[in-house]
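Participant: I would like to see how this sequence folds:
(chains A and B)
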Amino acid sequence: MRIDWNQYQPSGFYDELFAAPGKARPSAAQLADYLASLGARELADRQADAERAIVEMGITFTVYTEGQNIDRAWPFDVIPRTIEAAEWARIESGLIQRLKALNCFIDDLYHDRRVIKDGVVPDDIIATSVNFLEACVGGRPPYGVWANICGTDLVRDRDGTVYVLEDNLRVPSGVSYMLENRMVTKQVFPEMFEHASILPVDDYASQLLDMLSSLSPRKVDFPRVVVLTPGIYNSAYFEHSYLAQRMGVDLVEGQDLCVADDECVYMRTIRGLERVDVIYRRVNDTFMDPEAFDTSSVLGVPGLMRAWRAGNVALANAPGSGVADDKVVYAYVPKIIEYYLGEKAILPNVPTLLLRDDDDRKRVLSDLSQWVVKPANESGGYGMLIGPRATAEEKAAMAAAVEANPRNYIAQPVLALSTAPTLVQGEIEPRHLDLRPFILQGRGVWVTPGGLTRVALRRGSLVVNSSQGGGSKDTWIVAVKP
Amino acid sequence: MSLLSRVAERIYWTARYLERAETTSRLARVYGNLLLDLPREAGLSWGVLVQITGGGDVYRALHPSPSVDTAERFFVADRDNPSSVRSSLAFARESVRTTRDIVPSEAFRSINELCLWVTQELDAETSHRRRYGIHSRVVERCQQISGMLADTMSHDAAYQFFRLGRGIERADMTTRIIDVAATMLVGREDLARFDNSLWMAVLQSLSAYQMYRQKVRRRIWGPDVIAYLLKDTQFPRAIAFSSREIGAALAMLPRSGDPIKKLGDLRRMLALRNLGELSIADLHAWIDDAQLKLNELHALVAATWFRPSTTTAPAQTPVAAQSQEQTPSQSQSQSVTADVGDKVLTVSS
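Facilitator: Below is the predicted model:
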């Protein structure tokens, strides 16, 4: 039986695929026809095919609390999310602009601090940032670029405006799922790829390797690049190994590396020690080097910061990059863009109140149910309060936390996140989603065509994180013929 | 590109566990058949198998009141028996999961799939007939994986560790299987008339029956079978063949002097004449000794390649020595050449 899109009701939200019931947007027209012709039962079969492929391909993510069985299959929705190529071009230029400016900002903070002297960003915000690392002051990463790999979260509000929700500059994850989602989708909807012009995404690993190689301190033709993982218990382990495999480089753990007395980094191989030039590290800043950060971390490599400061090894992202990935700093990004690039921000920020400001704090705390409150330095959706959904106890707890440490919190209005049709237990229903494109900056800047679309599988939920009941979709940048 | 010590170790264990799962399944399949052939009063049971494959203590701890059923389950499905088919596959999967960047993704996928399937099948209450099917599939899949690796993986150092692990495990398992048969026959004159069935079963458990028949053209006779399984240099599961495989893998690895020397001990043992005609007691002693040599070889392999080197002084390594002499452009170009050479391998893999 054909799927009747007139039955699909996005109920007041901006829907990515449908402008109105039965009326597909241009980027989704071909897809909607195709899905309709498949019919509901066939679509459910393809969803089952996709799920089987995911289990067999071993695409997993890890949840900390699952005990013995640490793997979970990656939850995937078979209906892709589409974006028109023309709109994407604008988003892409906005992402490039933003990352360039943020890298100027980080480099400035660790050297002249002009941005503070000129009064663009208040001193105390940086002084109290836990992600500002004293050990990085004066550091000189190649091209003055600190955040080489960035995953920016985008959301769309009811009126269709695309906002930047977060800049993830520390160890953003998800790109492997973007790549695997495409592989799975090609397997289950091969017909679509024959007929529509959908931008390919599988170039990522080559782009990443080129960018990383360009950071090598030794100017050799083939510098040794490695991916440093915290190990199999990390939720993104699958991705670490996937990327290493795709780039054809070694996946190492802290124990595999050492810093010798020449202040160079070596890895332990069956031939003995061998020099390492570039480390794509997926270990958090302060776990990287127990010597520099005085931790008992066994994930890191003692002396790694010494080797980095001596310019003997490149770290991507550079340590200390997280200072720009702070939700308080986030509020200043439009000004930061203007300050360094002399341009208006192409992609707007979500309006953000800093709760360090007394008036704003009073305003937010007087009615928490209207706001989303976020801690400045958490990721993965942890520690966040969604006002309209929160219980009285949760609100009271958040109010107390804010009063105790106002600098650490921001508030944003509740956005009406856009939706897309999603297959939920055999029915097609609207579900909220976001988008995480990945941006690479070395000598130049490159953006993935599309990104990882994350979808909140629970009805009405706004939380898309996979650790909290989120799933994902393939993302198609579609060239629409006029 | 040089292989990480940690990765070398995991690949080695992946091979060992896959081989162990396969051989255990073969053994269970053939032994199950044999039990059906022999009369009840022969007094053979799964218990004998459990004991001889080296799990006696674990078994008694897990199953205080043993029965046919618990013994078979122990051998095949028990999570708490580290050598059961299920555990071996789970270990193989775990090892290969942490070397996914080195092992071809099809091979990871097959191991993952097999492990999931076996777990699912074993969790369901299974009939004897069904279990036979499980074993057949495990054997078939393990062979497929091994062939897949041989055909899709560069035969580089990583592959040599796979070959090494498989060779050592195979030699070890073959000694155990011979031991099972020999031990069953000790002091059992009454079993003499089943002698033929028993040795045939042994050959079948190693898929050796057909090859044996081609080579040894007379009726099946214990001493012939033993000599064949120990000394044949052409049959892959014979110990002499495995030791050649091990030797070939070692020869392709750097710094392999000590392990090669140790392998020589095993080869000298295999060179003894009349091995097939040893008394059961002497054979048993010989097997113990051979297993000891294999263990020592394993320990040397681990000491040579797996233990992270404790010395961090780079002057002892050629690469570091180069980078310290920062003088002429000559040293720079040397390291470039080396890197180019390494990377060409990487790209083609």
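Participant: Okay, now the unreliable bits of the stretch 51-200 of chain B?
Facilitator: B:51-54, B:68, B:125-129, B:187 (pLDDT under 70).
Participant: Can you give me the domain assignment for the chain?
Facilitator: This is for chain A. Domain segmentation of chain A under automatic domain parsing yields A:88-173+A:202-341, A:353-413.
Participant: The chain in question should be chain B.
Facilitator: According to automatic domain parsing, the ranges for chain B are B:5-308, B:313-349.
Participant: Just name the most buried of these.
Facilitator: domain B:5-308 (a mean of 18; mean count of other C-beta atoms under 10 Å in any protein chain shown). For every residue, glycine as well, the C-beta is placed using N, CA and C.
Participant: Show me which residues of the stretch 151-300 of chain B sit near chain A.
Facilitator: Contact residues (C-beta under 8 Å from any C-beta of the partner chain) of the stretch 151-300 of chain B with chain A: B:157, B:253-255.
Participant: Repeat the analysis, applying 7 Å as the threshold.
Facilitator: B:157, B:253-254 (C-beta under 7 Å from any C-beta of the partner chain).
Participant: Tell me if stretch B:8-16 is near chain A.
Facilitator: Yes - using C-beta under 7 Å from any C-beta, stretch B:8-16 reaches chain A at B:Ala8.
Participant: Just the residues of the stretch 151-300 of chain B next to chain A: which are in helices?
Facilitator: Secondary structure defined by DSSP state H assigns B:Ala157 of those to helices.
Participant: Closest one of the residues of the stretch 151-300 of chain B next to chain A to B:Ile102?
Facilitator: Among those, B:Ala157 lies closest to B:Ile102 (C-beta to C-beta), at 10.0 Å.
Participant: so what's that closest one up against?
Facilitator: Applying C-beta atoms under 7 Å, 6 or more residues apart in numbering or on different chains to B:Ala157 gives the contacts A:270, B:3, B:253.
Participant: any chance of these in CSV, plus distance to A:Leu417?
Facilitator: Compiled in CSV, these are given as follows (distance: C-beta to C-beta, whole Å):
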residue, distance to A:Leu417
A:Ile270, 51
B:Leu3, 47
B:Leu253, 56
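Participant: quick revisit: buried deepest among the domains of chain A, which one?
Facilitator: Most buried of these, by mean neighbour count (mean count of other C-beta under 10 Å): domain A:88-173+A:202-341, with a mean of 20.
Participant: pLDDT on it, on average?
Facilitator: Averaging the model's pLDDT scores along domain A:88-173+A:202-341 yields 93.
Participant: roughly how far is it from the heart of the chain?
Facilitator: Distance of domain A:88-173+A:202-341 from its chain centroid, counting by C-alpha atoms, centre = their mean, to the nearest Å, is 13 Å.
Participant: Show the end-to-end separation of that domain, please.
Facilitator: By C-alpha to C-alpha, to the nearest Å, the extent of domain A:88-173+A:202-341 from end to end equals 22 Å.
Participant: and that domain with chain B, contact?
Facilitator: Yes - interface with chain B: domain A:88-173+A:202-341 contributes A:220-222, A:232, A:241, A:244-245, A:248, A:250-253, A:255-256, A:258, A:260-262, A:264, A:266-275 (C-beta under 7 Å from any C-beta).
Participant: Quick one: name the residues of the stretch 351-482 of chain A near chain B.
Facilitator: Counting by C-beta under 7 Å from any C-beta, no residue of the stretch 351-482 of chain A is near chain B.
Participant: which residues touch B:Leu297?
Facilitator: B:168, B:259, B:262-263.
Participant: Farthest-apart pair in those, please.
Facilitator: Across these, no pair lies farther apart than B:Ile168 and B:Lys262, at 11.2 Å, counting by C-beta to C-beta.
Participant: Could you check how far A:Phe13 is from A:Gly119?
Facilitator: A:Phe13 sits 40 Å away from A:Gly119, going by C-beta to C-beta, to the nearest Å.
Participant: Relative to B:Trp305, which of the contacts of B:Leu297 is nearest.
Facilitator: Taking C-beta to C-beta as the measure, B:Trp305 lies nearest B:Pro259 of the contacts of B:Leu297, at 8.8 Å.
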